[in-house]
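Student: Okay, predicted coordinates and the sequence, questions at the end:
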Amino acid sequence: MAGRTFDSRSDEDDVRVRPGRRGSRPRTRTRPSHDDAVPGLVVGVDRGRMTVRVEHADGPVEVIAMRARELGKHGVVTGDRVRLVGDTSGRTDTLARIVVIEPRSTVLRRTADDTDPTERVVVANAEQLVVVTAITDPEPHVGFLDRCLVAAFSGGLTPLLCLTKADLGSPDALLARYAGLEVEAIAVSRDTDLDELSPRLDGRISVFVGQSGVGKSTLVNRLVPDAYRATGGVSKVGKGRHTSSSAVLLDLPGGGMVIDTPGIRSFGLADTDPSDVLAAFDDLAEVARDCPPLCAHTASDPDCALDDWAAEGPPARAERLGSFRRLVEAVTRTPGY
Ligand SMILES: Nc1nc2c(ncn2[C@@H]2O[C@H](COP(=O)(O)OP(=O)(O)OP(=O)(O)O)[C@@H](O)[C@H]2O)c(=O)[nH]1
Ligand SMILES: [Zn+2]
C-alpha cells in the first residue's frame, strides 16, 4: 500500500477548498497567506473543537482549535496533520484556527447511522488497524471482522487481529478462518504479558476497534496506563450518542500511538468495491488481470481467473481465495451492525 495517498477528494470530508463561484471576490487578494502557520497533530475532536498537539521548543503542547471558514464543511478528524494560525500557545482560553489539512495517507470511515446517514472519515493517517475480538464471551462476530479487514485494506491500513480472553478458549478456529489472508494475529489475555503485542505498536499509529465487551478497554488501559477508559460495561464517553467525535489519540509509553474508538463499532464500506479489496493482494490482483471486465471475483462469477489459479496450485491457494472471497462478499453485503 506504500505510496498510496488518500487525499479524500471524493468524500464528504474533502479538505480541498472549493473554487468560488465565477465572479466572486478575487481569492488572491482576500486569502491570507499561511506561511506562518504551524504544524500540529489532531489528537481529539469534540463537537467542532479540535485538540491539536503542537511541538514547542520546550515540548509538545495541546492547543484547542476550530476550523477556519475557508475549509468549508470539510471535517478535521483524529490523526489529521494540520496547520494552525492564531494563538497556538496552548494557554487556557486561547483558540487557534486550522487553515490547512495535509493530505491523508490512510482513512477509516465509519458507517452511516440513524443520526447521520452519511459515511464519514473518522480517523486519518493511522498505519495499522487493530481489530480486537474475544475468542469467546462474546462469541466472535465474523461478519464484523470481515468488514474491519476490508475497511483496513481499502483505507490503506495494515490489519492486525488481536484475539482477547485467551484464558477462556483456543484461538485456532479464528486463526484458521483468516489464515489464507496472511493477516497477523496475536492472542492475549488480561492475565498474561503483552510482550507479543507491544512491539507491533511501537513507533506507529494504530487504531483499535472492537465490539462491545471484547475487552478492548481492558487492553487499552494496560497499554496506556493513564488512559482511564471505563471497563466492564460502565458508561463511557461516546456511548449512546453521536460518536463520530470520540476517537482519541493516546501515547504509548514506549513510543507509538493508539487511537481508541470507543463509540465506533464498525466501519463504512459503501464506497468500497471488490477492486479496492483486490488491490491489497498483489498476487491475486496479478491473476485477476485475466478476469472478464466486469468480474467481481466472487464464487458466482463464472469466468473468474482466480478459480483456475486456485485449482492449479497447492491447497493454500484455495484457502487464500476462500478468505479473499469472504472479504469481497462483505463489501456487497448490507451492513447489519
Ligand atoms: N476472562 C477474561 N475476561 C476479560 C479479559 N479482558 C477483559 N475481560 C472482561 O470482559 C469484560 C469486558 O471488558 P471491557 O474491557 O470493558 O470490554 P470493552 O471491549 O471495552 O467493551 P465495552 O466496555 O462494552 O466497550 C469485562 O468484564 C472484563 O473484565 C480477559 O483477558 N479474560
Ligand atoms: Zn475475477
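Tutor: Yes, it's here. Numbering: from 1, shown residues only. Ligands and ions are numbered 1, 2, ... in the order given.

Student: Which strands or helices does the longest helix seen in the chain pack on?
Tutor: Secondary structure of the chain per DSSP state H: the longest helix is helix 315-332. Applying 3 or more C-beta pairs under 8 Å, 6 or more residues apart in numbering; DSSP states H and E, one finds that helix 315-332 contacts helix 142-155, helix 172-178, helix 274-278, helix 282-287, helix 305-312. No exception for glycine: its C-beta is placed from N, CA and C like everyone else's.

Student: Just name the most buried of these.
Tutor: Highest mean neighbour count of those: helix 142-155, a mean of 24 (counted as mean count of other C-beta atoms under 10 Å).

Student: so what does it touch, helix or strand wise?
Tutor: Using 3+ C-beta pairs under 8 Å, 6+ apart: helix 142-155 touches strand 107-110, strand 128-134, strand 158-164, helix 172-178, helix 274-278, helix 315-332.

Student: mean confidence score for it?
Tutor: In this model, helix 142-155 has a mean pLDDT of 89.

Student: What of stretch 54-62?
Tutor: 94.

Student: Run the chain-centre distance for that stretch.
Tutor: 26 Å (C-alpha atoms, centre = their mean, to the nearest Å).

Student: Check stretch 77-86 too.
Tutor: Distance of stretch 77-86 from the chain centroid (C-alpha atoms, centre = their mean) equals 18 Å.

Student: CA atoms only: put it into PDB for me.
Tutor: This file holds the C-alpha atoms of stretch 77-86, laid out as PDB (Å, rounded to 0.1, in the frame of the first residue of the first chain):
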ATOM      1  CA  VAL A  77     -10.500  14.100  12.200                       C
ATOM      2  CA  THR A  78      -8.300  12.500  14.800                       C
ATOM      3  CA  GLY A  79      -5.000  11.700  13.300                       C
ATOM      4  CA  ASP A  80      -5.100  14.600  10.800                       C
ATOM      5  CA  ARG A  81      -1.900  16.600  10.300                       C
ATOM      6  CA  VAL A  82      -2.900  20.200  10.100                       C
ATOM      7  CA  ARG A  83      -1.500  23.700  10.100                       C
ATOM      8  CA  LEU A  84      -2.600  26.400  12.600                       C
ATOM      9  CA  VAL A  85      -2.700  30.100  12.800                       C
ATOM     10  CA  GLY A  86      -3.700  32.400  15.600                       C
END
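
Student: how is this structure carved up into domains?
Tutor: 1-19+35-105, 116-260, 274-332 (automatic domain parsing).

Student: Can you give me the neighbour number for Gly180?
Tutor: The local packing of Gly180 (other C-beta atoms under 10 Å) involves 18 other residues.

Student: thought it was touching Arg326?
Tutor: No - applying C-beta atoms under 8 Å as the test, Gly180 and Arg326 come out as separate, 9.2 Å apart.

Student: can you list contacts of stretch 171-185?
Tutor: 133, 135, 140, 142, 145, 149, 159-163, 187, 200, 316, 319-324, 326-327 (C-beta atoms under 8 Å, 6 or more residues apart in numbering).

Student: Would you mind telling me which of the helices and strands packed on helix 315-332 is nearest ligand 2?
Tutor: The minimum distance between ligand 2 and the helices and strands packed on helix 315-332 falls on helix 305-312, with 5.3 Å, by C-beta to the ion.

Student: Specify the angle between that closest one and helix 315-332 in degrees.
Tutor: 160 degrees (axes from the mean of the first three to the mean of the last three C-alpha atoms, to 10 degrees).
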